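Colleague: Build me a model from this:
(one chain, ligands or ions: 1)
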Amino acid sequence: MKTITFDASRECMTGPEMTHLTRWWDHAVGYEIYIRSFADGDGDGIGDFAGLTERLDHLAWLGVDVVWITPFYPSPMADWGYDVADYTAVDDRFGSLDDVDACVARAHELGLKLIIDIVPNHSSDQHAWFQEARQGLDNPYRDHYIWADPAADGGPPNNWIGYFGGPAWTLDEASGQYYLHLFLPSQPDLNWRNPAVIDAFDDVLRFWLDRGVDGFRIDVAQALVKDRELRSNPQLGPWDETMYRWEQWDAFDHVHDILQPETVDIYRRWNRIAADYDALLLGETYDLHRLDGLDRLVSGGDALHVGFWFGAMHMDWNAEEIRSTFETPIRSISAGLGWAQNSHDEHRSVSRFGGGDLGRRRALTFALLLMGLPGVPFLYQGEELGLESGTLRPEDKLDPVGEANPSSGRDEARTPMTWEPVEGFGFSTGTPWLPYGGRQAADTVAVQRDDPDSWLNRHRRLIAVRKDLAEIAHAPFEWVETAPGVVAFRRHDVVFAANVSPSTVALDMGATVLFRTGAGDALELAPDEGAIVRLDPASMVT
Ligand code: GLC
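Modeller: Purely as a prediction, here's the structure:
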């Protein structure tokens, strides 16, 4: 057996700084809850804290360690909660502060950590700060946001575009200035060069940490600080507003709008606050190109603790792509990586990987690989059930991004969770805010719990096996060369392998199987199957 080693955890080589290797998230498995669609406690068709708290025992049973809850703040819901109108309150539709306290208490009782989404890049235009800022150039809150005079031709001040496509600037008729928004016009970007904004968010963090939350998932973590002079980005190719949103984004080299070096200073400050509470800072570090910039945000261990790598949501099912999806960030970022194949923002991986049972087999095998990588793997609600993207009619869709980007699939990933094989799937007794998307009884937690061979029980066993492998947490990452078409890597004495080829392959190594996605005991993998094996001491010589 040949191996190729990467220093996958620079941190662990640095001796004296090893203190941060023993944090509670070092070997954790995470789970994302999209609160609107998880469990509805009051029958209004919208998931809420009351429902969620009731269902937390499912997550304890599943074996995950940390739960991330998407935004629940008062919001006009233009972007379904990612447009926050008040950072220290709860939208009535989700419950009250007391309900948050009860949820935190129940999570802790069950041994779960609970982190919440914080949205610092932008607020809602209904936030009191923006309402004030709009009053005029002299308003004390004007500088909470990013304003600029029109270009000489009266158009936007520079060529920046938004993540949802289209120009990132909207003209405020009253003042004659444009304001910046990397998302919807109703999500104005905050000005992180203004100390008042920095101070305000220190208070927001402490507000929630004092209530007992265990950390934050930081929305759009790469983008907080913008170029001081608001310079245009170099253009790399043709751009127009009718292109698919990611094509629009990729038409520019984003050197001035995101990943500015000063952003790390914000997270260093937050890191000191988090340290008082032993809290986790998990960044939505969304960029697939500027690895040096991402590396700065996480690798020192003194800023973000973990940053998500999104390559796993943008790849096809073949050995080469899987390898490069893992190797690219491991080689360049090396510390503090978060991994996920699903989220509330992308079509579900079962559908992306081929759909039906083929897609389910692949998604489970891919989950097995993610469980072995250096960093924190996250599941997204329903992934444990092998759910495909929901099927929705165009008229059912509610995502503001969907209209211009029909294939974007955010609604399809957000259909309600399926708990029981009854009307309303145990999600709600009312009309759900988004249809169930064609789910069947076999898609529910209750039905799958009773079947030892279900996707749910297989995910549960996988998580349990990974939990017992604490020795891999800081072990180097080494590629293992076995049969062609097999993606395999080793951490300590454990090998994680997936057969991505169309034929059955034998794993040529002396080892004991700890977990396999399919059936059988032999060291053989059918197509799309994966296994975790422990090497016999004699096979450990590389
Ligand atoms: C993040 C969220 C996404 C939201 C966007 C703007 O990417 O995951 O749902 O639309 O930020 O806040």
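Colleague: Wait, S407 touches E247, no?
Modeller: No. Judged on Cβ atoms under 8 Å, S407 makes no contact with E247 at a distance of 11.5 Å. Quick note: C-beta positions are derived from backbone N, CA and C, even for glycine.
Colleague: Quick one: residues contacting the nearest residue to S407 once chain neighbours are set aside.
Modeller: Nearest residue to S407 in three dimensions, chain neighbours excluded: Y244, at 7.3 Å (Cβ to Cβ, 6 or more residues apart in numbering). Y244 makes contact with G165, N405, S407, according to Cβ atoms under 8 Å, 6 or more residues apart in numbering.
Colleague: For the stretch 251-400 of the chain, list the residues in contact with the ligand, please.
Modeller: Listed as neighbours of the ligand in the stretch 251-400 of the chain under the rule Cβ under 6 Å from any ligand atom: E284, H344, D345.
Colleague: can you list those in CSV and add pLDDT?
Modeller: Listed next are these as CSV, based on pLDDT from 0 to 100:
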residue, pLDDT
E284, 98
H344, 98
D345, 96
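Colleague: where along the stretch 301-450 of the chain do the helices fall?
Modeller: 319-332, 349-352, 356-372, 445-449 (DSSP state H, counting those that start in this stretch).
Colleague: Let me know which of those is the nearest to L110.
Modeller: Smallest distance to L110 across those (Cβ to Cβ): 16.1 Å, for helix 445-449.
Colleague: elements contacting that closest one?
Modeller: helix 455-467 (3 or more Cβ pairs under 8 Å, 6 or more residues apart in numbering; DSSP states H and E).
Colleague: List the buried residues in stretch 302-322.
Modeller: Using 16 or more other Cβ atoms under 10 Å as the test for burial, stretch 302-322 gives 303-313, 315, 317, 319, 321-322.
Colleague: thinking again about what came up before, what separates the residue nearest to S407 from P238, distance-wise?
Modeller: Per Cβ to Cβ, to the nearest Å, Y244 is found 13 Å from P238.
Colleague: which of the contacts of Y244 are buried?
Modeller: Here, 16+ other Cβ under 10 Å leaves G165, N405 buried among the contacts of Y244.
Colleague: Which of the contacts of Y244 lies at the shortest distance from P261?
Modeller: Closest to P261 out of those is G165 (27.0 Å), distances taken as Cβ to Cβ.
Colleague: contacting residues for that closest one?
Modeller: Contacts of G165 (Cβ under 8 Å, 6+ apart): E241, M243, Y244, R245, Q248, W249, A404, N405.
Colleague: Narrow those residues to those in helices?
Modeller: Within the contacts of G165, residues falling in helices by DSSP state H are R245, Q248, W249.
Colleague: now, among those residues, which is nearest to R458?
Modeller: Out of these, the member with the shortest distance to R458 (by Cβ to Cβ) is R245, at 34.8 Å.
Colleague: you'd agree the closest one is up against V401?
Modeller: Yes. Counting by Cβ under 8 Å, R245 touches V401, with 6.9 Å between them.
Colleague: Show me the shaky parts of the protein.
Modeller: The chain contains residues with pLDDT under 70 at 1-21, 334, 541-542.
Colleague: domain ranges for it?
Modeller: If you go by automatic domain parsing, the domain ranges for the chain are 22-121+195-468, 128-180.
Colleague: Distance from the longest one to the middle of the chain?
Modeller: With Cα atoms, centre = their mean, to the nearest Å as the basis, the distance from the averaged C-alpha position of domain 22-121+195-468 to the chain average is 3 Å.
Colleague: ok, now the last one?
Modeller: Relative to the chain's own centre, domain 128-180 is displaced by 29 Å; criterion: Cα atoms, centre = their mean.
Colleague: What's the end-to-end length of it?
Modeller: 17 Å (Cα to Cα, to the nearest Å).
Colleague: Any part of that domain near the ligand?
Modeller: No. Figure legend: domain 128-180 not in contact with the ligand (Cβ under 6 Å from any ligand atom); closest approach 7.0 Å.
Colleague: which of the residues in stretch 358-366 are buried?
Modeller: For stretch 358-366, by 16+ other Cβ under 10 Å, it's G359, R360, R361, R362, A363, L364, T365, F366.
Colleague: now stretch 401-415
Modeller: Within stretch 401-415, the residues scored as buried using 16+ other Cβ under 10 Å are V401, G402, A404, N405, S408, G409, R410, D411, E412, A413, R414, T415.
Colleague: chain center to stretch 524-540: distance?
Modeller: Remark: stretch 524-540 is offset 29 Å from the chain centroid, using Cα atoms, centre = their mean.
Colleague: nearest to V500, of the domains of the chain?
Modeller: Using Cβ to Cβ, the nearest of those to V500 is domain 22-121+195-468, at 4.4 Å.
Colleague: That closest one: end-to-end distance?
Modeller: Termini of domain 22-121+195-468 sit 16 Å apart (Cα to Cα).
Colleague: Quick one: end-to-end distance for stretch 498-515.
Modeller: Taking Cα to Cα as the criterion, the two ends of stretch 498-515 lie 12 Å apart.
Colleague: Report the contact partners of the closest residue to the ligand within the chain.
Modeller: Residue nearest to the ligand within the chain: Y82 (3.3 Å; Cβ to the nearest ligand atom). Counting by Cβ under 8 Å, 6+ apart, Y82 touches P71, S75, D117, V119, F183, Q187, D219.
Colleague: Next up, the contacts around K467.
Modeller: K467 neighbours (Cβ under 8 Å, 6+ apart): H27, V29, G63.
Colleague: Specify the local secondary structure of A102.
Modeller: Recorded secondary structure, A102: helix (DSSP: H, G, I helix; E, B strand; the rest coil).
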